[in-house]
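1. pasting the structure only:
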């Protein structure tokens, strides 16, 4: 009975050992070794089964030896225990290998997907051993090209020596103390600015350089732009300030400090509104809200630290980031106190000059009127008297001498009379041009009609006149001014335009007098219109400006010239 129990236990133990051997095949991957162990254990199980069969036989001679079975049981026990002990060891080794493999895959994934370029470089030869995807994305080299290069070959010639010297500074802990700012050379020959962190690592006794490289070209260019901006603003004569979206001052230049009287430490972080009067600040905010781009340009009032107010010219605009969001506002200020004073003086001088011009024009018109009357009354009477005396002389000669009168003398007398008539006609024309009586007696409209008729007689220009309303009643000064401007326009047409037709429109509407003259001539060059030496045009403009009016000349080559005059009635 004991032999049967021992045999059964041996079979169970050997079966368990065989099962563990089969499992170790999968864990260790050693198919042949553990297969042989499993087969040996199976054969031992078969031997134990045969021993069990003999133990159950009725023939005592076939029964196995008890001591032998106990020894077999002990061996089976030791084998099962050994397999039980060795199985977890192999299992832990397998887990360690899988863990190492997973760690390596994770490391490789992190290595390849890092945002910065990473290099593994042999310390002695500086040959590139490994790199991540960012390297060839950044530089454009193929895998074969990179692996055939040394690390210094990625740098411009001038930087290779710098790099080699810096690598010698790696300390005993394998760390380079400084971040290097160098250049990398792309495959297409372009250079990019990079920041490089270098350290030394030891892998299985081999020294390798581990370098992390970041492309900072755009950042450096932006930094250079910012540096240039602040250098420019610091040296600017205009007061420049930056404020954040909370309307707090974040930067001012020296000119700003000088203009408003604040030091940087006093004003940085304060509200922008402190440099403007309250009313001005409110107007600024409303004006900014009413613009599409949030900009503001104009003349405002500023407030210094001591509370004094002064006029300034402001140019304010928003600063946006790459996403189009507002991040700051920049305002440029200029003190225009002296400019305002100069403008006021200029306005005063201009008004004085226009008053003087108006006075001189009035005096000139009075002198013309005086001359016209003197010529008409003085020369006219004298010429008329002279003609009457000649006619009297002619009649006396005929009465005294009859047919004996010298015909030559009579012809001379008649010739003198005719010359006097011609002189009287010339005198009357001069008188009318000096001061048309029709202007004083019948008004502006009739004077314009008369001048057009006289002008048509002396030129080949045909005029088309439109007047609305039919009667235009204005004071004498304005009538004279408009008439003189009209005379100058027609004189210019005769001298320069080569026109054959002209349209004249004289209109009064809403307390304004409008005069428009358009000819079909050759036109006027823009530089001739704006030429300061064009005294005729300047004279017409000044005449209109005296009454707060304006004169505009539009001309197109080959399409004639249009003169527009507007004078308040």
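-> Received, thanks. None of the values given here were measured: they were computed from a predicted structure.

2. CA atoms for contacts and neighbours, from now on please.
-> Noted.

3. low-confidence ranges, the stretch 201-350 of the chain, go.
-> 350 (pLDDT under 70).

4. right, I mislabeled it, should have said the chain
-> For the chain, the ranges with pLDDT under 70 are 1-105, 107-108, 171-172, 350, 352-378, 402-405, 431-438, 532-533.

5. okay, domains of it per the record?
-> Here the domain parsing of the chain from automatic domain parsing is 2-108, 114-215, 220-335, 336-435, 443-568.

6. okay, these in CSV with mean neighbour count next?
-> As requested, the domains of the chain are arranged in CSV below (neighbours: other C-alpha atoms under 10 Å):
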stretch, mean neighbour count
domain 2-108, 16
domain 114-215, 16
domain 220-335, 16
domain 336-435, 14
domain 443-568, 17
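
7. the stretch 401-550 of the chain: strands as residue ranges?
-> 462-468, 501-509, 512-519, 550-555 (DSSP state E, counting those that start in this stretch).

8. please, which helix or strand holds the spatially closest residue to residue 133 that is not a sequence neighbour?
-> Closest residue in space to residue 133, ignoring its immediate chain neighbours: residue 112 at 5.3 Å, by C-alpha to C-alpha, 6 or more residues apart in numbering. For residue 112, the enclosing helix or strand under DSSP states H and E is helix 66-113.

9. same check, this time on residue 385
-> For residue 385, the enclosing helix or strand under DSSP H and E is helix 380-401.

10. ok, what's across the strand from the closest residue to residue 179 other than its chain neighbours?
-> Nearest non-adjacent residue to residue 179, counting by C-alpha to C-alpha, 6+ apart: residue 197, 5.2 Å away. Residue 197 forms beta bridges with residue 212, as assigned by DSSP bridges.

11. residues in contact with residue 197?
-> Residue 197 makes contacts with 176, 178, 179, 180, 211, 212, 213, as judged by C-alpha atoms under 8 Å, 6 or more residues apart in numbering.

12. which residues touch the first one?
-> In other words, residue 176. With C-alpha under 8 Å, 6+ apart, residue 176 has these contacts: 166, 167, 169, 170, 197, 198, 199.

13. at 7 Å instead, please
-> Residues counted as contacts of residue 176 (C-alpha atoms under 7 Å, 6 or more residues apart in numbering) are 169, 170, 198, 199.

14. phi, psi for residue 321 please.
-> When quoted as degrees, to the nearest 10, the phi and psi of residue 321 stand at phi -90, psi -180.

15. and residue 329, by the same measure?
-> Dihedral angles of residue 329 (phi, psi; degrees, to the nearest 10) stand at phi -140, psi 140.

16. re earlier: centre of the chain versus the helix holding residue 385, how much separation?
-> Taking C-alpha atoms, centre = their mean, to the nearest Å, the mean C-alpha location of helix 380-401 is offset from the chain mean by 89 Å.

17. packing partners for it?
-> helix 407-434 (3 or more C-alpha pairs under 7 Å, 6 or more residues apart in numbering; DSSP states H and E).

18. quick one on the thing from earlier: let's have the strands of the stretch 401-550 of the chain in JSON lines, adding distance to residue 118.
-> Output for the strands of the stretch 401-550 of the chain, formatted as JSON lines (distance: least, C-alpha to C-alpha, whole Å):
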{"stretch": "strand 462-468", "distance to residue 118": "88"}
{"stretch": "strand 501-509", "distance to residue 118": "83"}
{"stretch": "strand 512-519", "distance to residue 118": "80"}
{"stretch": "strand 550-555", "distance to residue 118": "71"}
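
19. which one of those lies closest to residue 149?
-> Residue 149 lies closest to strand 550-555 among those, at 73.0 Å (C-alpha to C-alpha).

20. ok, residues contacting the closest one?
-> Contacts of strand 550-555 (C-alpha under 7 Å, 6+ apart): 523, 524, 541, 544, 561, 562, 563, 564, 565, 566, 567.

21. for the strands of the stretch 401-550 of the chain, which one sits closest to residue 257?
-> Across those, closest to residue 257 is strand 550-555 (C-alpha to C-alpha), at 44.2 Å.

22. how distant is the helix or strand following that closest one from the center of its chain?
-> Counting by DSSP H and E, the element after strand 550-555 in chain order, helix or strand, is strand 561-568. Distance of strand 561-568 from the chain centroid (C-alpha atoms, centre = their mean) equals 40 Å.

23. check stretch 170-181 too.
-> Centroid separation for stretch 170-181 versus its chain: 43 Å, with C-alpha atoms, centre = their mean.

24. how about stretch 227-244?
-> Distance of stretch 227-244 from its chain centroid, counting by C-alpha atoms, centre = their mean, is 17 Å.

25. let's number from 4 now, not from 1
-> Got it, first residue is 4 now, which makes that one stretch 230-247.

26. next up, the contacts around residue 571.
-> Contacts of residue 571 by C-alpha under 7 Å, 6+ apart are 514, 515, 516, 550, 551, 552.

27. residue contacts, the nearest residue to residue 335 once chain neighbours are set aside?
-> Among residues not flanking residue 335 along the chain, residue 243 sits closest, at 4.6 Å (C-alpha to C-alpha, 6+ apart). Listed by C-alpha under 7 Å, 6+ apart, the contact set of residue 243 reads 236, 255, 256, 259, 334, 335, 336.
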